[in-house]
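# Prediction below, plus the sequence it came from.
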Number of protein chains: 2
Amino acid sequence: MSKQRVSLLSPAELEDCRIPLVSEPLSADQAERLASSFKALGDPVRLRLLSLIASHEGGRACVCDLTDSFDLTAPTISHHLKVLKETGLVTAERRGTWVYYEARREALDLLSTVLAVPQAAAA
Amino acid sequence: MSKQRVSLLSPAELEDCRIPLVSEPLSADQAERLASSFKALGDPVRLRLLSLIASHEGGRACVCDLTDSFDLTAPTISHHLKVLKETGLVTAERRGTWVYYEARREALDLLSTVLAVPQAAAA
DNA sequence: CGAATGACTAGATGACCATCAAACTAGATG
DNA sequence: CATCTAGTTTGATGGTCATCTAGTCATTCG
């Protein structure tokens, strides 16, 4: 495992970043962790994958439910799912022949909070 | 201008994306536009720049207020600001010698909404 | 066990991108 | 006008990444 993908979403560091970036400047460290999450969201395929998973019933979907929506080979889909997993945006679980991916709603909620514009600060 | 950066945040297309990705699958088109915004946020330097600008008084900051926070050359900072501008996350305005960047709160708010987890859908 | 199916890993390749040094533009000031 | 300061543009470079093909692992089923 040569490449270590930074995951901000280990419970320990999770709460440390739960501050709207409008409210106070991010530390270099917080920015590093948050950026790796946003980078994961910065690909159309991954965004759609995450949306498909999260909006699927139970917030969970099998890989076989996902591939048909794309004009991409299975390894490519697998690669993107891996990125989402390593970033902590989804979890994976094997059930017999199939692998199910589940959206981590806490992660989405955290990122949403970071981008939120508190009413008091609105233009 | 060879490279055209996709900006989702032109008012026209803005409202079209104002749907939590948890609620329903993103269209390929929506994903494309949103991804370019998240990609812009997917760099630690740009995240900090945006945070510095947005949290500065008036939600506005001069370039000279920003450069000192980084160990980077001026052209690099300028490059990142340009990306943020082209993505619609900030606007720029010249005032005499200085250039002021202002955070577009509607843009942040939109992205926050996309990532939001509606209560009814929470785990 | 052998074959089939679902999913992942490994390695290669072409495209993109963050960064810098050098050169340039714009406004202010003497 | 000459010069200084603030910021940007250009071009080059090294690194990262999305995608593919080929091969592998895991599970089920005959």
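Perfect, I can see it now. Residues are numbered from 1 along each chain as shown, chains lettered A, B, ... in the order given.

# Going by C-alpha atoms from here, please, whenever you check contacts or count neighbours.
Will do.

# residue boundaries of the strands in chain A?
Secondary structure of chain A (DSSP state E): strands at A:60-62, A:90-95, A:98-103.

# Let me have those in CSV, adding mean pLDDT, distance to DNA strand D and mean neighbour count as columns.
Output for the strands of chain A, formatted as CSV (pLDDT from 0 to 100; distance: least, C-alpha to the nearest atom of the strand, whole Å; neighbours: other C-alpha atoms under 10 Å in any protein chain shown):
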stretch, mean pLDDT, distance to DNA strand D, mean neighbour count
strand A:60-62, 98, 14, 21
strand A:90-95, 97, 7, 15
strand A:98-103, 98, 7, 20
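
# okay if I get those strands as TSV plus distance to residue B:52?
TSV is the format used below for the strands of chain A (distance: least, C-alpha to C-alpha, whole Å):
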stretch	distance to residue B:52
strand A:60-62	37
strand A:90-95	30
strand A:98-103	30
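
# Flag every residue of chain A that's near DNA strand C.
Residues of chain A lying close to DNA strand C by C-alpha under 7 Å from any atom of the strand are A:62-64, A:74-75, A:77-79, A:81-82, A:97-100.

# So which of those residues sit within helices?
Judged by DSSP state H, the subset of the residues of chain A next to DNA strand C located in helices is A:63-64, A:74-75, A:77-79, A:81-82.

# Hmm, residue A:38 is touching residue B:35, no?
No - using C-alpha atoms under 8 Å, residue A:38 is not in contact with residue B:35; the gap is 9.1 Å.

# more neighbours, those two?
residue B:35 (27 against 22; other C-alpha atoms under 10 Å in any protein chain shown).

# Next, count neighbours for the closest residue to that one other than its chain neighbours.
Spatially, and ignoring its direct neighbours in sequence, residue B:35 is nearest to residue A:42 (4.3 Å; C-alpha to C-alpha, 6 or more residues apart in numbering or on different chains). Neighbourhood size, residue A:42 [other C-alpha under 10 Å]: 24.

# ok, now which ones touch residue A:52?
The contact partners of residue A:52, taken as C-alpha atoms under 8 Å, 6 or more residues apart in numbering or on different chains, are A:61, A:66, B:24-26.

# Quick check on the residues you listed: which are buried?
The neighbour-count test (16 or more other C-alpha atoms under 10 Å in any protein chain shown) applied to the contacts of residue A:52 identifies A:61, A:66, B:25-26 as buried.

# So which of these belong to helices?
Using DSSP H, the subset of the buried ones among the contacts of residue A:52 located in helices is residue A:66.

# okay, the buried ones among the contacts of residue A:52 in a markdown table with distance to residue B:57 next?
Output for these, formatted as a markdown table (distance: C-alpha to C-alpha, whole Å):
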| residue | distance to residue B:57 |
| --- | --- |
| A:61 | 44 |
| A:66 | 45 |
| B:25 | 38 |
| B:26 | 35 |
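
# What parts of chain A come near DNA strand D?
Going by C-alpha under 7 Å from any atom of the strand, the residues of chain A near DNA strand D are A:40, A:43, A:45, A:71-76, A:79-80, A:95-97.

# Using ChimeraX, make a named selection holding only the buried ones among those residues.
Selection of buried members from the residues of chain A next to DNA strand D for ChimeraX, criterion 16+ other C-alpha under 10 Å:
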select /A:40,43,45,80
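
# now, among the residues of chain A next to DNA strand D, which is nearest to residue A:114?
residue A:40 (15.6 Å; C-alpha to C-alpha).

# is it true that that closest one touches residue A:86?
No - in this structure residue A:40 lies outside contact range of residue A:86 using C-alpha under 8 Å: 9.4 Å.

# sorry, back to before: and which of the ones in helices among the residues of chain A next to DNA strand C is nearest residue A:118?
Looking across those and measuring by C-alpha to C-alpha, the closest to residue A:118 is residue A:81, at 32.2 Å.

# residues contacting whichever residue of chain A sits closest to DNA strand C?
Across chain A, the shortest distance to DNA strand C (C-alpha to the nearest atom of the strand) belongs to residue A:64, at 3.4 Å. Residues near residue A:64 by C-alpha under 8 Å, 6+ apart: residue A:98.
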